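**Student:** What follows is a predicted structure for the sequence shown.
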Amino acid sequence: MRLWLLRHAPVQAEAGLCYGRSDWPAEPRATRAIARRIAAQLPPGLALRTSPLCRCAGLAAALHALLGGDPPRHDARIAEMDFGAWEGRPWRDIPRPEFDAWIQDFASAPAGGSGESVRRFMARVALAWDEWRAGGKDALWVTHAGVIRAAGLVHAGMRSIDSAARWPAEPVAFGGLVLLETAG
C-alpha cells in the first residue's frame, strides 16, 4: 500500500511565523502550480484526504478538479499541531525559557503552554494512519510538515517519542510530496 503525503503551498503570512493550527490561507498561484505538478505524478483512484485548514483544503480541491474521483474528505486528525499561545507569533518572539521548557518535556508538555503535546499530536496522526491501513487503499493526504514528519515516525514504528532529538529535522518543502509504502 502507498500513502502520498503532500505539503500545502506557502502561506500568506510573514516568514518565521508560528502558524500550526492557525488557519492562514496559502498563496493561490503557488497552490494551482503545485496541483498541476502533483496531479501529473499521481496514479488515478487515490483516496483523497485533507487537513481541514484552508491552506490544505484549497490544494485538495484544486487536485480534485484535475483528478476527478471522490471529493476530498476533511480529516482533523491530519491538521497541523496546535502551538497554543505561540500561534500567530514570530518564532523569534517566543521567550526562550518557554521554548526550552517545552523541549525539556517534549512528549508531554503542551506547546505554547496551552496547545497540543507531541504525544497527543502523534496519537491522532497514528489514528489516521491506522484507518488508512485498515482501508486497504492507496491514498493521498494533503497536509502539513509536522504531520508528514509524524507519519514518517509512525511508518517507522514509533508512535511516540520522548525527546526532541528524535523528531525528524529534515525540511519538508512547500508542495513537497513524500511517499510511504507498507505491506497491505
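**Tutor:** Received the coordinates, thanks.

**Student:** Please make it C-alpha for all contacts and neighbour counts, starting now.
**Tutor:** Noted.

**Student:** Now stretch 21-33: average pLDDT?
**Tutor:** Averaging pLDDT along stretch 21-33 yields 97.

**Student:** Put the alpha carbons of that stretch into PDB.
**Tutor:** The C-alpha trace of stretch 21-33 is given here as PDB (Å, rounded to 0.1, in the frame of the first residue of the first chain):
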ATOM      1  CA  ARG A  21      -3.400  25.300  13.800                       C
ATOM      2  CA  SER A  22      -3.900  28.900  12.700                       C
ATOM      3  CA  ASP A  23      -5.900  28.900   9.500                       C
ATOM      4  CA  TRP A  24      -3.700  31.000   7.200                       C
ATOM      5  CA  PRO A  25      -4.500  30.800   3.500                       C
ATOM      6  CA  ALA A  26      -2.000  29.600   1.000                       C
ATOM      7  CA  GLU A  27      -0.700  31.600  -1.900                       C
ATOM      8  CA  PRO A  28      -3.300  30.900  -4.700                       C
ATOM      9  CA  ARG A  29      -0.800  30.900  -7.600                       C
ATOM     10  CA  ALA A  30       1.500  28.500  -5.800                       C
ATOM     11  CA  THR A  31      -1.400  26.300  -4.900                       C
ATOM     12  CA  ARG A  32      -2.500  26.000  -8.600                       C
ATOM     13  CA  ALA A  33       1.100  25.300  -9.700                       C
END
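
**Student:** What residues of it count as buried?
**Tutor:** Neighbour-count burial for stretch 21-33, with 16 or more other Cα atoms under 10 Å as criterion, is recorded at Arg21, Ser22, Trp24, Pro25, Ala26, Glu27, Pro28, Ala30, Thr31, Arg32.

**Student:** Then stretch 144-159?
**Tutor:** His144, Ala145, Gly146, Val147, Ile148, Arg149, Ala150, Ala151, Gly152, Leu153, Val154, Arg159.

**Student:** again, but for stretch 124-136
**Tutor:** Neighbour counts over stretch 124-136 (16+ other Cα under 10 Å) mark Arg124, Val125, Ala126, Ala128, Trp129, Trp132, Arg133 as buried.

**Student:** so how many other residues sit close to the nearest residue to Ala61 once chain neighbours are set aside?
**Tutor:** Counting by Cα to Cα, 6 or more residues apart in numbering, Ala61 lies nearest to Pro72, which is 6.9 Å off, once chain neighbours are set aside. Neighbour count of Pro72, defined by other Cα atoms under 10 Å: 21.

**Student:** can you tell me which residues contact Pro72?
**Tutor:** Ala47, Leu48, Arg49, Thr50, Ala60, Ala61, His64 (Cα atoms under 8 Å, 6 or more residues apart in numbering).
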